[in-house]
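Q: need coordinates for the below:
(chains A and B)
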Amino acid sequence: MDFTPHTDADVARMLGALGLAESADLFRHLPAGVALAHELALPVPMAELDVMRHIDELGARNTAGLCCFAGGGIYDHFLPPVVRSLTLRPEFVTSYTPYQAEVAQGVLQALFEYQSMVAALMGLPVANASLYDGPTSGLEAVNIAVAHTGRHIVWLSRGVRPHTRQIVGTFARARGLEVVEHPLVDGRTSWTDGPEPAAVVFSQPNHLGIIEDYDAAVTAAHGRAALAIVEADPMLLGVLRRPGDAGCDIAFAEGQPLGNPMSFGGPVLGMFAVASGLLRRVPGRLVGETLDRDGRKAYTLTLRTREQDIRRDKAASNICTNQTLNAIAAAVHLAWLGPDGLAEAGRQSVQKAHHLADLLCTIPGVALAHGAAFAREFAITLPADPVDVIAAMAQRGYLAGIPLGDDHPDLPNGLLVAVTEKRTAADMTGYAASLAEVLHDV
Amino acid sequence: MSEPGGRACSSPLVGGAAEPTLMEISAPGRRAWSLPTLDVPERDLGLPESATHRPELPEVAERDLVAHFTRLAQRNFAVDLGSYPLGSCTMKYNPKVCDWAAEHPAFRNLHPDTPATLSQGALAVLVETEEILCTLTGMTRATFQPAAGAAGELTGLLVMRAYHDSRGRHPSTVLIPDSAHGTNPASVTLAGYRVRHLPSDSRGMVDLDALRAAIDDDVAGLMLTNPNTLGLFETDIVEMARLVHAVDGLVYYDGANLNAILGVARPGDMGFDIVHSNLHKTFATPHGGGGPGSGPVAVVERLVEFLPGPLATLVDGGYDWVMPRRSIGRVHGNHGNFLVVLRALTYMRALGGAGLRHVAERSVLNARYLQSLLPEEYALAYPAPCMHEFVVSVAGLKRATGVRAMDVAKALLDHGFHAPTVYFPLVVEEALMIEPTETESPETVEALAAAFAAIGAQAVADPEAVQSAPHTTPISRPDDALAARHPVLTWTTPTLDPGDLP
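A: Residues are numbered from 1 along each chain as shown, chains lettered A, B, ... in the order given. Model prediction:
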């Protein structure tokens, strides 16, 4: 099944009009040795039903339906059906980047509203129309700071998500940036003095779920004329202070919890907002309001001279295709939640996380890894290898969390546990009982 | 500023005012959300850093939310509505069975940190897609972490850098033809390299003598799209690759135009070392209004050890994550745009080897046929057999009538077609880059040609009518200069009024 409409007669007629005899004649000008002389060893074509059976078979090889207590940026929140039904409108799904504004007002206005809501969420005046994901957004934020300050040192809290730290590391190596990691003391970042950085980067809450001290981080940055860059958890922005209110210059977030299923980690989206002085350095698309020739309100891609197709090798970022459809999903979900729904989802997640932490700490050998305040995710230490515990918990129907030892050598038996508003009291009681059994057995 | 509240949620789709914003239809206390009552004992946690402000999000009923986004959708053109001959973007039909796959609960609800032993199906999807992609491109292994084409370019260039570093060499220049996509030079700069541009010759191809002159020990590599952005196959490619390899440079394939050669020719056989593909072009995954895409990077054997990781790999009869020995590191937060890869696999398996070759044959056939049907005012920029797309110049039309490429593009919208790409590549004056794709019937291609002809005739008879097009779309041409001069990027910024127009 190849989805082309041409009949044999169509092909013959079209080739005839071109003065060609067969389809292979279309490629006669390719040099010898380049045109393939043989058929490639590829699978045979399949009917749709057979393809669907194949995908079903692959899907069946995943352990489905685990009750999810894993987080680390990707969370199992409740997604109302309205998000999917609106986001999957084919006009959104099958259109290109809205270069022709006259026939793209739908995508443009949806992105304008997304930008407006992300700006409101972050407490900052400007948000772009999305980046790839949270961690790569962290890299774009660092790039802004390097360009803005002309410095090449970046202060990175050890509490920043490991994947974000790794990505910043990947590009820092290529670009000659020096990354200085600042340690955690009882789970919170300890900012020590050192050569002046371009940026101070931290997560709120951090990767271990701990609520960081905003003022300490922002002061560490602004006291050295560096930018304060924070990675926020968007589902907590109804209950925690907003990055802009805390004085941050750039806020980015893994936007998946808003509107997008876990999707094995992609496609998700990076949310990105900046203080007004950084507007001209923002990577990616920006949608602006304008007027059409008849004086009507209209939307269009704007400030495009920042972008790669115009600036080419002088562009601040190479991003072109981003995550528009995921941003539209986030916009629909945010509008569905409104300010009160967002606060309630955050409040319930935090309350439930503390409830589960209490339950788990009654199990012999299990303890919270830190004494500092946490939000909806927390680290515990186990009396066994977390990898074995996760495997045993999966047999009981739970995805127990994420092992911490690889990224935090001081927590070799650490397990990161996340709770969303979707987990019920019964889920948590069951999780705790299963963990007690598993630890008793190992 | 959009005044909160006060607007009804119903308005005409075309001809009237803009759709109200969500904030304009918001009313305090209205809501769409519901959540179960908290079922654990609530207590005062006394958490630090509590919210000091309530985010100003709209408050709307679900009925109005649905009406709003449905009307927005109806103010948008899309492949599912009609032909979208946007050159270089490969706006082919996106099969619905691939949508079904992306909605499959076994994948959609999978957490990325699920251990490999519990996500064998997802790893199998990556491995199976990788095998097909490597067979089609003539490469050895591929990473799916890059989320789009530009991310693929940057990843490929970092692999190039790691390769040279491993050999104790530090060349600083990457060669790029002057007809390249803008992402190429931008990616080169981000990877810490300098760009050296190569001119095109009278054939519209890389000038081989200029390439010879530019080759020296400082050349890290060459980035090339083939077929190039003029829709022409670079027939000297084998010699070009040989020249670059002679100074230990690497040759990078930008997969923007891979559609034209599926099953017909392979970058690996032409001498390319690094290949990025755009699954959202060649493998029919939808563009989503500007993403999500997926830009996997495939490489030859000697570069595999530098790929980002971990890579899903068959180990002892099962799949596991394996980090390449000298990996450049991670380039995505998780495993890339996984569900986009799943869509692409569904497409690849439906088509199979025979269907994939049909894609190349029919896309080139449609492009050649369309080009043959266009009247003379749409002159081929470089008269040579095109591949899946071609570039015409309307410089002659502009001199005769004042009608420019952008005017033709806008007029096409009134005929029910999306516009082609305009003013690209930069080497062609008044360029229209046209890519019909293989999924359009000959009748649609003929109707598109007739629309171009009608616009050409109207340009002569009544140029003002073309210059003021489009006339039947939800808005007329927006004032882009005004948008840049007075950026209104959120609904809390003071709104513009017609007094702002020049």
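
Q: all contacts plus neighbour counts: C-alpha atoms, from now on.
A: Will do.

Q: so how far is B:Glu301 from the nearest residue to A:Ser23 once chain neighbours are set aside?
A: The shortest distance from A:Ser23 to any non-neighbouring residue, by CA to CA, 6 or more residues apart in numbering or on different chains, is to B:Glu361 (6.3 Å). Going from B:Glu361 to B:Glu301 by CA to CA, to the nearest Å gives 29 Å.

Q: now swap in A:Thr149 and tell me
A: From A:Thr149 to B:Glu301 the distance is 41 Å (CA to CA).

Q: same thing with A:Ala316?
A: Where B:Glu301 is concerned, A:Ala316 sits at a distance of 33 Å (CA to CA).

Q: comparing those two, which residue is more hemmed in?
A: A:Ala316 (24 against 11; other CA atoms under 10 Å in any protein chain shown).

Q: state the distance from that one to chain B.
A: To chain B, A:Ala316 is 8 Å away according to CA to the nearest CA, to the nearest Å.

Q: output the below-cut-off pLDDT ranges for the stretch 101-250 of chain B.
A: Applying pLDDT under 70 to the stretch 101-250 of chain B picks out no residues at all.

Q: do the host helix or strand of A:Ile229 and chain B meet at all?
A: If you go by DSSP states H and E, A:Ile229 is part of strand A:227-232. No. Applying CA under 8 Å from any CA of the partner chain, one finds strand A:227-232 out of contact with chain B, separated by at least 12.6 Å.

Q: okay, and the helix or strand of chain B with the least pLDDT?
A: helix B:183-190 (a mean of 90; mean pLDDT, DSSP states H and E).

Q: B:Phe233: what's its closest spatial neighbour, skipping adjacent residues?
A: Nearest non-adjacent residue to B:Phe233, counting by CA to CA, 6+ apart: B:Pro227, 4.2 Å away.

Q: would you agree the one you found is in contact with B:Asn259?
A: No. In this structure B:Pro227 lies outside contact range of B:Asn259 using CA atoms under 8 Å: 9.3 Å.

Q: neighbour count for those two, which is higher?
A: Per other CA under 10 Å, whichever of B:Pro227 and B:Asn259 has more neighbours is B:Asn259, with 28 against 24.

Q: all the helices of the stretch 1-150 of chain B, residue numbers only.
A: Along the stretch 1-150 of chain B, counting by DSSP state H, counting those that start in this stretch, helices occupy B:62-74, B:96-102, B:105-108, B:120-137, B:149-166.

Q: which one of those helices is the most hemmed in?
A: For those, the largest average neighbour count (mean count of other CA atoms under 10 Å in any protein chain shown) is found in helix B:149-166, namely a mean of 25.

Q: downstream of that one, the next helix or strand is which one?
A: Next element after helix B:149-166 (DSSP H and E): strand B:173-177.

Q: check contacts around residue 151.
A: Here I'm looking at chain A. A:Glu196, A:Pro197, A:Ala198 (CA atoms under 8 Å, 6 or more residues apart in numbering or on different chains).

Q: let's do chain B instead
A: A:Asn318, A:Ile319, B:Gly295.

Q: can you pull the pLDDT of the last one?
A: Each residue has a pLDDT score; the one for B:Gly295 is 97.

Q: in what helix or strand does it lie?
A: Using DSSP H and E, B:Gly295 sits in no helix or strand.

Q: which residues does B:Pro177 bridge with?
A: B:Leu198 (DSSP bridges).

Q: please enumerate the helices of the stretch 301-450 of chain B.
A: Under DSSP H, counting those that start in this stretch, the stretch 301-450 of chain B gives helices at B:338-373, B:395-401, B:405-414, B:442-461.

Q: in CSV: those, plus mean pLDDT and mean neighbour count.
A: Putting these into CSV (pLDDT from 0 to 100; neighbours: other CA atoms under 10 Å in any protein chain shown) gives the following:
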stretch, mean pLDDT, mean neighbour count
helix B:338-373, 98, 25
helix B:395-401, 97, 16
helix B:405-414, 98, 23
helix B:442-461, 98, 18
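
Q: quick check: angle from the one helix or strand A:Gln166 maps to to helix B:183-190?
A: Using DSSP H and E, A:Gln166 maps to helix A:162-175. Here helix A:162-175 runs at an angle of 90 degrees relative to helix B:183-190 (axes from the mean of the first three to the mean of the last three CA atoms, to 10 degrees).

Q: list the helices and strands helix A:162-175 packs on?
A: Packed against helix A:162-175 by the contact rule (3 or more CA pairs under 8 Å, 6 or more residues apart in numbering or on different chains; DSSP states H and E) you find helix A:134-149, strand A:178-182.

Q: possible to save these as JSON lines with distance to chain B?
A: Converted to JSON lines, these look like this (distance: least, CA to the nearest CA, whole Å):
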{"stretch": "helix A:134-149", "distance to chain B": "5"}
{"stretch": "strand A:178-182", "distance to chain B": "15"}
